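Enquirer: here is a sequence with its predicted model. Questions after.
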Amino acid sequence: MPIIRVALPVPIPQLFDYTAEDALESDVGRCVRVPFGRGEKSGLIVGLPDAAEVDAARLKPVLHIQREVPPLPDDWLALVGFVARYYHAPLGEVVALALPPGLRRADGVSADDTDPLLEVAPAGRQVMADARRDSKALALLRECEEAGVSPLRRSVIRALPSGAAVGDAFRRGWLQLTVGNVPRHHTTGRPELTDEQATVIDQVLNAAPGFRPWLLQGVTGSGKTEVYLRLAEAMLAAGKQVLMLVPEIALTPQLEHRVAQRFPAANVISLHSALAEGARSRGFVQALSGHADIVLGTRLSVFAPLPRLGIILVDEEHDASYKQQEGVRYSARDVAVWRARQRGLPVVLGSATPSLETWQHARAERYGLLSLSRRAVASSLPKVRGVDTRRLKLDEGLSPALQAAIGERLERGEQSLVFLNRRGYAPVLSCPACGWISRCPHCSANLVVHLADRRLRCHHCGCDGPIPHACPSCGNQDIQPFGRGTQRIEARLIELFPQARVLRVDRDAARTRAQWEALLDTIAAGEADILVGTQMMAKGHDFPKLTLVGVIGADASLHAADFRAPERLFQQLMQVGGRAGRGALPGEVVIQTEYPGHPLFQHLARHDFDAFARMALDERKVASFPPFSYQAMLRADAPVLKDAVEFLQHARRLGEASAAAGLRLFDPVPMRLTRLARRERAQLLVEADERGLLQGFLLQWMKLLYAQRTSRELRWQIDVDPLDV
Ligand code: ADP
Ligand code: ZN
Ligand code: ZN
């Protein structure tokens with residue numbers, strides 16, 4: 001009896017064996033349902049071992065093998081295998097993450113409702129060779145072979161004498177979907193390239209074939225998207241597939257429209273977690289079968305199987321949302337680079353403000369550097385002006401200079417954006433009489449005042465309640481919102497500029513994709529004069545009438561504890577500043593700060609990312625922070641802090657025994673937001689001089705940790721290359 005080895009979504013690094021009487025080698029990479037405990041689970045067949053790891057007599061039979069879609073190919077299995085190894089996650093959990101749930105549950109996904117191309121699968125060939133068998137479906141296979149062309153449209157197969165059996169043959173895995181190669185690529189409405197764009201595209205397309213990572217560093221508005229589109233066009237013309245990653249699909253409907261418009265006949269698939277299950281499964285199968293030409297998606301689309309893949313494009317490669325922050329903590333950008341290496345392909349990482357890791361790779365010439373130093377249409381980058389707020393009286397956080405600048409834009413019929421990365425009305429409600437402040441009952445965080453719907457809300461755990469009329473502690477009626485968020489700025493701007501149309505753009509105003517698109521349309525149509533926005537407004541948008549960006553409240557990040565805080569602040573300010581003056585009108589950025597002489601602002605004023613990067617990297621080198629060292633973070637959480645810390649102390653002792661020179665285990669410390677949703681959290685940093693050293697250590701350490709018996713209340717996870725330290 002054949003044995004199949006299955007990866008199942010369970011939080012332990014283990015595979016499970018089952019028996020399957022009709023299993024073939026070609027079933028590796030197919031989804032299965034199997035009995036598990038008292039229930040059932042879905043997983044993926046990763047091998048057909050000769051012998052089971054446990055007593056073969058105790059193996060249970062598989063319930064169902066999904067044969068309606070082609071198996072995941074070997075290179076895909078290698079990809080999830082790499083992610084499991086590198087991020088030290090159970091393979092079954094990586095598979096569960098990478099596969100759309102509908103597909104993994106093997107609940108009868110049809111690949112395509114159109115007219116797919118089919119060919120005889122290896123399993124079909126095997127049954128054809130077996131002279132003892134006879135069936136309608138088998139007869140159909142023979143007719144397919146006799147037709148002499150492969151692949152065939154399903155409609156053509158249906159018209160064969162035994163065509164009625166096509167569904168049967170497909171379900172048994174005897175026929176499979178195949179790579180479509182229909183000549184159908186034409187493009188519309190493309191602009192003349194700038195010289196810089198043309199050069200950059202030539203560099204990529206004329207490079208020697210094979211793996212080649214590129215950093216496309218182009219100032220905001222330099223036309224990076226156009227470069228992606230031209231590279232995609234060249235790939236489509238060569239019959240290849242394109243994988244294009246974007247940080248947040250909800251924030252990039254503009255890009256999706258642009259791609260679809262440019263390639264009207266291409267099959268453009270978008271893949272992201274907000275899709276309905278059926279659509280996600282269908283898109284995935286189209287990618288797998290080669291029917292999709294362009295896959296555009298958020299981080300999880302890095303797992304789309306793409307048999308004809310020609311290039312990977314990663315837009316805004318510095319964006320933190322490429323790193324998954326729970327479950328399997330992978331970086332889609334880094335996985336994209338690994339995948340390009342595996343498949344021997346170019347990968348282009350684009351940004352105006354690259355991550356320092358990527359920038360350093362380019363500087364060390366491990367990555368090729370593609371630069372776009374000028375804007376594609378606007379004549380120049382915006383002028384950046386610091387407003388020293390130390391001796392100024394601010395009106396709800398707004399300086400006279402910023403108000404005057406907004407007033408000028410109003411007179412000229414242009415748009416302004418006030419950028420403040422804090423939503424809500426005020427970050428806390430407090431009682432001046434007794435000192436009470438609005439604390440979240442479940443987290444070590446304050447409840448944020450949301451005046452728009454009169455709620456106090458925790459931005460960490462989401463719990464909320466009504467705003468009290470009096471102090472819950474002393475009964476004082478005069479309780480005050482303290483500090484400022486977007487709603488408060490919005491309210492003040494409405495008072496200051498009664499004639500203006502003020503529009504707030506944050507996650508509260510754009511909860512759904514439809515709301516977000518409606519806001520974007522309103523802005524693009526020029527139906528708003530003053531925008532108040534969070535970092536949602538910083539990403540990739542193009543509003544020709546927006547000529548002023550005012551930044552308030554940025555100073556807090558200058559002194560944050562995280563060593564990546566300055567990098568993030570610079571990126572954010574350069575990105576949001578880059579929204580100004582992208583059309584024909586010149587732009588201006590006004591930054592309110594108490595530290596106008598800070599080098600970060602100086603580099604920003606000169607639009608000199610490279611100078612900033614050199615400075616920041618020098619600091620990191622001295623402190624031996626990444627990219628000059630390699631980190632992993634072990635985090636633990638429990639209802640009481642002591643349990644989490646004790647587990648980490650124990651883990652540290654276990655690790656110390658095998659820690660080689662060049663590897664450091666730090667003391668466990670409570671996390672900055674110690675309490676989250678009633679759980680107390682602590683972390684332990686591991687740092688190594690070399691990546692290989694870290695990986696070797698983690699391999700041994702994880703084995704030890706998985707072998708520990710811990711209380712049911714305690715949870716722990718490992719985060720390789722953590723972003724928040
Ligand atoms: P980036 O992604 O680098 O910030 P975009 O790709 O969004 O920049 O381009 C900025 C603007 O310039 C867009 O409106 C785009 O349509 C336009 N653009 C880009 N390349 C060209 C070109 N070669 N000719 C004319 N307009 C262009
Ligand atoms: Zn009080
Ligand atoms: Zn909370």
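Expert: Perfect, thanks for sending it. Ligands and ions are numbered 1, 2, ... in the order given.
Enquirer: can you give me the end-to-end span of stretch 283-300?
Expert: This stretch, stretch 283-300, spans 13 Å end to end (Cα to Cα, to the nearest Å).
Enquirer: same question for stretch 19-28.
Expert: Counting by Cα to Cα, you get 14 Å between the two ends of stretch 19-28.
Enquirer: equivalent analysis for stretch 499-516, please.
Expert: Terminal residues of stretch 499-516 lie 24 Å apart, using Cα to Cα.
Enquirer: please state the offset of that stretch from the chain centre?
Expert: 23 Å (Cα atoms, centre = their mean, to the nearest Å).
Enquirer: so where is this protein shaky, pLDDT-wise?
Expert: Across the chain, the ranges flagged by pLDDT under 70 are 106-116, 131, 147-150, 153, 155-156, 179-188, 250-253, 378-379, 540.
Enquirer: what parts of it come near ligand 1?
Expert: Neighbours of ligand 1 within the chain, by Cβ under 6 Å from any ligand atom: 191-194, 197, 218, 220-226, 376-377, 542. C-betas here are computed from N, CA, C, even on glycine.
Enquirer: now, of those residues, which are buried?
Expert: Using 16 or more other Cβ atoms under 10 Å as the burial test, these include Leu193, Thr194, Gln197, Gly218, Thr220, Gly221, Ser222, Gly223, Lys224, Thr225, Glu226, Ala376 as buried.
Enquirer: for the fourth one, name its beta-bridge partners.
Expert: Beta-bridge pairing of Gly218 under DSSP bridges involves Leu372.
Enquirer: gap between it and Gln197?
Expert: To Gln197, Gly218 is 9 Å away according to Cβ to Cβ, to the nearest Å.
Enquirer: what do the two both touch?
Expert: Val227, Leu372 (Cβ atoms under 8 Å, 6 or more residues apart in numbering).
Enquirer: inside helices: which ones of the buried ones among the residues of the chain next to ligand 1?
Expert: Judged by DSSP state H, those include Gln197, Lys224, Thr225, Glu226 as members of helices.
Enquirer: of those residues, which pair is most distant in space?
Expert: Of all pairs drawn from those, the greatest distance, 10.4 Å, lies between Gln197 and Thr225 (Cβ to Cβ).
Enquirer: from the residues of the chain next to ligand 1, which is closest to ligand 2?
Expert: Using Cβ to the ion, Thr220 comes nearest to ligand 2 of the residues of the chain next to ligand 1, at 47.2 Å.
Enquirer: state the distance from the residue nearest to the closest one when sequence neighbours are not counted to ligand 2.
Expert: Using Cβ to Cβ, 6 or more residues apart in numbering and skipping residues adjacent in sequence, the residue nearest Thr220 is Gly578, 2.5 Å away. According to Cβ to the ion, to the nearest Å, Gly578 and ligand 2 sit 45 Å apart.
Enquirer: Gly578: what's it in contact with?
Expert: By Cβ under 8 Å, 6+ apart, the neighbours of Gly578 are Val219, Thr220, Gly221, Ala352, Leu381, Pro382.
Enquirer: wait, the fifth one sits on Arg375?
Expert: Yes. At 6.6 Å, Leu381 and Arg375 qualify as touching, with contact defined as Cβ atoms under 8 Å.
Enquirer: of those two, which one has the most company?
Expert: Comparing Leu381 with Arg375 by other Cβ atoms under 10 Å, the one with more neighbours is Leu381, at 24 against 21.
Enquirer: hang on, Met615 in a helix?
Expert: Yes. Under DSSP: H, G, I helix; E, B strand; the rest coil, Met615 sits within a helix.
Enquirer: number of residues surrounding it?
Expert: Using other Cβ under 10 Å, Met615 has 17 neighbouring residues.
Enquirer: I'd like the distance between the residue lying closest to it once chain neighbours are set aside and ligand 3.
Expert: Distances taken as Cβ to Cβ, 6+ apart place Pro599 nearest to Met615, at 6.2 Å, with adjacent residues excluded. Between Pro599 and ligand 3 the distance is 36 Å, computed by Cβ to the ion.
Enquirer: could you do Gly163 as well?
Expert: Noted for Gly163: a distance of 60 Å to ligand 3, by Cβ to the ion.
Enquirer: OK, contacts around the closest residue to that residue other than its chain neighbours?
Expert: Here the nearest residue to Gly163 in space, its sequence neighbours aside, is Ile157; by Cβ to Cβ, 6+ apart that works out to 5.8 Å. With contact set as Cβ under 8 Å, 6+ apart, Ile157 has these partners: Leu118, Leu140, Cys144, Gly163, Val166, Leu175.
Enquirer: by neighbours, which of those residues wins?
Expert: Neighbour max across the contacts of Ile157 (other Cβ under 10 Å) = Leu175, 30 neighbours.
Enquirer: and it, what are its bridge partners?
Expert: Beta-bridge partners, per DSSP bridges, of Leu175: Val120.
Enquirer: might one say that it is in contact with Leu117?
Expert: No. If you go by Cβ under 8 Å, Leu175 and Leu117 don't touch, sitting 10.4 Å apart.
Enquirer: what about the strands in the stretch 601-725 of the chain?
Expert: For the stretch 601-725 of the chain, applying DSSP state E, counting those that start in this stretch gives strands covering 630-638, 663-665, 669-676, 679-688, 715-720.
Enquirer: just want the angle from the fourth one to strand 669-676.
Expert: By that I understand strand 679-688. Following axes from the mean of the first three to the mean of the last three Cα atoms, to 10 degrees, one obtains 150 degrees for the angle between strand 679-688 and strand 669-676.
Enquirer: go on, the first one?
Expert: Orientation check (the same axes, to 10 degrees): strand 630-638 against strand 669-676 gives 50 degrees.
Enquirer: doesn't Pro307 belong to a helix?
Expert: No. Going by three-state DSSP, the assignment for Pro307 is coil, not a helix.
Enquirer: which one is it nearest to, not counting chain neighbours?
Expert: Spatial nearest neighbour of Pro307, chain neighbours left out: Gly290 (4.8 Å); criterion: Cβ to Cβ, 6+ apart.
Enquirer: returning to what we had before: to ligand 2, which of the strands of the stretch 601-725 of the chain lies closest?
Expert: Per Cβ to the ion, nearest to ligand 2 of the strands of the stretch 601-725 of the chain: strand 669-676, 22.9 Å.
Enquirer: now do Gly368 against ligand 1, distance only.
Expert: 18 Å (Cβ to the nearest ligand atom, to the nearest Å).
Enquirer: cool, Leu402 as well?
Expert: Applying Cβ to the nearest ligand atom to Leu402 and ligand 1 gives a distance of 25 Å.
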